[in-house]
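Trainee: Quick one: sequence plus predicted model below, questions after.
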Amino acid sequence: MPSDTPLTTSAPIAGPTAGHVFALAWPMTLKAIILHGTVVIDAYLVSALGETPLAAMGLAAAIAGFVLGAILAFSNAMQIRTAQAYGTGDAVFLKSTLASGLAVSLAVGCFGLAVITLFGAPLIGWMAPNAEVAGLAGDYLAVFSLVILGSAIAICLTSYFNGCGRTRVPLISYGLALPVNVLCSVVLIHGYWGLPAMGVTGAALGSAVASAVQVVYLVACLRRHDGYLRHVPGWRQGRFIPTLKRYVAFSLPIAATFVSATFATHVCTLIYARLELNEFAAMTLIAPWIMVTGTIGMQWAQATGIIVAQLLGQRRDEAVLDRFLSSAWRGAFIAAGAVAALLLAVSLSANTLYSDLAPQTRAILLSFLPVLVLLPFPKGSNAICGNTLRAAGDTIYVMHIFVWSQWLFRVPATALAVLYLDVGAVWVLSLLLAEELLKFPVFHRRLYRGQWKRAEIAS
């Protein structure tokens, strides 16, 4: 049996509520914010060296980001599968999920490193504006490969702990890694305490040290909480290879969904570059705000999916599932309201936050207000549907909704609006809202049919 009791075993007959979702979601939200903040801090530390090292770091990070993005995509499947296994209380299922998830994550990381080794230098040489940037980017990427390997383990274990309901463990690991990253990077970039000044390569090495600290902490927690799994005999499908194949079959649709979303976003960003300068600047400024504030709603939805997967693993009554989801949904609308309020504050504070920008750019930011206030509500509700359906194993249907809405609507509509119709930035941004409204009926119709409540997840 798992070392911790499943989340709802000792709960009242009514089952878990939005309070349980909040208990899982707030550490996940803080962890995501710390992760975004780490990227900002690294860029800030390197910016002291000048534009050339900063450009080199940005170029190398963009290439490494594709590998890390693939690892993160599979981690979403790991989180859901772990929650299913944890809910059943089957130690063999839990061990099989952990071993399979680590195998897939390390395989993706190693494959990504092999691609970088073979094609990284030519790609950097082609993309870099000059030889100096290319050289620095190559040096940064060579050291950052250690971060990719560490992240393959850390991200997988983070998803495992989240799926078990122990979301504070990953939060603490990121809380430990952040100051280590800052301290090591500052020392190694500038050569303090008698160490050589390594410049932008020092920033990569600082990240590698921080990644190692995080991995050590997570592995120690795994040994403490779930070390008994090493002594559990057998595999879920009898042998490890069939077990791994079953895990991959479950994971691929979820990973494909997130990879598709990442590529669609990058393509749209490239299209935004064809907007008028002030409009593109406004789109560039608002995109990180949408991403960071949206973390609140997305983590709430993921926490909901974790609990749904645990409940399905426990084979709880449909009435319990209905009561829980209704409570979680009410919480999701509160989370959406909080996101809308934050984006409202950003829009209304544009003149203060971006006082150095042209008045036209600030006016465009203010014009985004209606879209920003409305967007979190359908987006949050769709996220609840998507994560609930994934928790029930309906991963292919969810993948189709996301992939086709992105590549048959958002990307071509963005290209049409920017490249041919020459519409204003506010109408381009409104396509994000239109995409959510397009997904809304197909998501909710599937959920209301109720088949997810009778899902068999034991296989």
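Mentor: Great, that's in hand.

Trainee: ok, which stretches of the stretch 201-350 of the chain are helices?
Mentor: Assigned by DSSP state H, counting those that start in this stretch, the stretch 201-350 of the chain shows helices spanning 240-272, 277-313, 318-348, 350-353.

Trainee: From residue 321, how far off is residue 314?
Mentor: Look at residue 314 and residue 321: by Cβ to Cβ, to the nearest Å, they are 10 Å apart. Quick note: C-beta positions are derived from backbone N, CA and C, even for glycine.

Trainee: ok, for residue 399, nearest residue in space, not its chain neighbours?
Mentor: residue 253 (4.2 Å; Cβ to Cβ, 6 or more residues apart in numbering).

Trainee: how about that neighbour, what does it touch?
Mentor: 395-396, 398-399 (Cβ atoms under 8 Å, 6 or more residues apart in numbering).

Trainee: and with 10 Å instead?
Mentor: Contacts here follow Cβ atoms under 10 Å, 6 or more residues apart in numbering; on that basis residue 253 touches 77, 390, 393-400, 402-403.

Trainee: do residue 229 as well
Mentor: Contacts of residue 229 by Cβ under 10 Å, 6+ apart are 2-3, 91-92, 94-99, 222-223.

Trainee: Secondary structure for those - can I get that in a markdown table?
Mentor: Shown next, in a markdown table, are the contacts of residue 229 (DSSP: H, G, I helix; E, B strand; the rest coil):
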| residue | secondary structure |
| --- | --- |
| 2 | coil |
| 3 | coil |
| 91 | helix |
| 92 | helix |
| 94 | helix |
| 95 | helix |
| 96 | helix |
| 97 | helix |
| 98 | helix |
| 99 | helix |
| 222 | helix |
| 223 | helix |
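
Trainee: and of those, the nearest to residue 158?
Mentor: residue 222 (10.9 Å; Cβ to Cβ).

Trainee: Please report how far the closest one lies from residue 297.
Mentor: 29 Å.

Trainee: higher neighbour count, these two?
Mentor: residue 297 (29 against 16; other Cβ atoms under 10 Å).

Trainee: wait, the more buried one sits on residue 343?
Mentor: No: using Cβ atoms under 10 Å, residue 297 is not in contact with residue 343; the gap is 11.3 Å.

Trainee: Now list whatever residues contact both of the two.
Mentor: Common contacts of residue 297 and residue 343 (Cβ under 10 Å, 6+ apart): 375-376.

Trainee: helices or strands up against the least confident helix or strand in the chain by mean pLDDT?
Mentor: Lowest on mean pLDDT, DSSP states H and E among the helices and strands of the chain sits helix 18-47, with a mean of 76. With contacts defined as 3 or more Cβ pairs under 10 Å, 6 or more residues apart in numbering; DSSP states H and E, the packing partners of helix 18-47 are helix 51-88, helix 131-163, helix 168-190, helix 200-226, helix 277-313, helix 318-348.
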